[in-house]
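Peer 1: Structural data only, the sequence is not supplied:
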């Protein structure tokens with residue numbers, strides 16, 4: 001009986017440890033992954049507009065809107081929107097690399113942003129709307145930098161590419177009402193997207209969209 005008591009106690013402690021670990025990850029907005037999945041993080045202005053293009057891809061498991069790249073812990077949308085937290089609006093993508101490559105994710109990212117404007121995406125201005133690629137390992141870093149170099153060389157527009165490539169830091173998930181906003185509020189989303197001139201500018205840069 002004594003041995004059983006110690007076994008049960010150890011089991012309960014292990015469950016508590018797992019719970020704490022999961023809670024800590026959720027609090028920081030870090031997506032849970034396993035050995036079969038990978039994470040990619042991109043900032044391309046309003047995160048409402050960046051979830052949809054990746055959700056369409058086979059092999060993308062989830063997209064989460066959030067804040068990253070800054071210095072303020074647990075920032076809110078209100079704080080981030082002031083531009084004083086150092087964070088930018090971003091999306092974190094959990095994907096299956098056996099079904100969709102990081103190279104493909106980069107291609108979709110480029111074709112859904114304006115890479116020529118520092119601290120601005122379309123009608124949204126400020127460092128909180130800068131475009132940025134946040135790499136999670138050396139392979140992603142190499143692919144991201146190579147992709148940027150190739151784009152600068154072969155881009156269909158004249159302006160230089162100013163999008164940053166940076167090491168990923170803590171990603172804080174945005175408030176629930178921001179998640180899947182384009183699905184939950186389709187009319188308001190389309191009104192915002194049109195009013196911001198996003199699609200018009202994307203067509204000027206890239207031509208008719210295939211992404």
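Peer 2: Looks like it came in fine. A quick note: this is a predicted structure, and the numbers were derived from the prediction, not measured.
Peer 1: C-alpha only now, for contacts and for neighbours.
Peer 2: OK.
Peer 1: Residue 62 and residue 95 touch, don't they?
Peer 2: Yes. In this structure, residue 62 is within contact of residue 95 by CA atoms under 8 Å, at 7.1 Å.
Peer 1: So between those two, which is more surrounded?
Peer 2: Taking neighbours as other CA atoms under 10 Å, residue 62 and residue 95 compare with residue 95 leading, 25 against 15.
Peer 1: Quick check: that one vs residue 121, distance?
Peer 2: 25 Å (CA to CA, to the nearest Å).
Peer 1: How about residue 131?
Peer 2: Separation of residue 131 from residue 121 (CA to CA): 7 Å.
Peer 1: between the two, what contacts are shared?
Peer 2: 44, 45, 113, 114 (CA atoms under 8 Å, 6 or more residues apart in numbering).
Peer 1: give me phi/psi at the nearest residue to the third one once chain neighbours are set aside?
Peer 2: Computed as CA to CA, 6 or more residues apart in numbering, the closest residue to residue 113 that is not its neighbour in sequence is residue 44, at 5.6 Å. The main-chain torsion angles of residue 44 are listed as degrees, to the nearest 10 and equal phi -140, psi 50.
Peer 1: show me what contacts residue 44?
Peer 2: Here residue 44 is in contact with 50, 89, 90, 109, 112, 113, 114, 121, 129, 130, 131, 132 (CA under 8 Å, 6+ apart).
Peer 1: Of those residues, which belong to helices?
Peer 2: 50, 109 (DSSP state H).
Peer 1: Among the contacts of residue 44, find me the one that's closest to residue 99.
Peer 2: For the contacts of residue 44, the minimum distance to residue 99 (CA to CA) is 17.1 Å, reached by residue 109.
Peer 1: gap between residue 131 and residue 147?
Peer 2: For residue 131, the distance to residue 147 - CA to CA - is 14 Å.
Peer 1: between the two, which one's more packed in?
Peer 2: Shown here are residue 131 and residue 147; by other CA under 10 Å, residue 131 has more neighbours (30 against 16).
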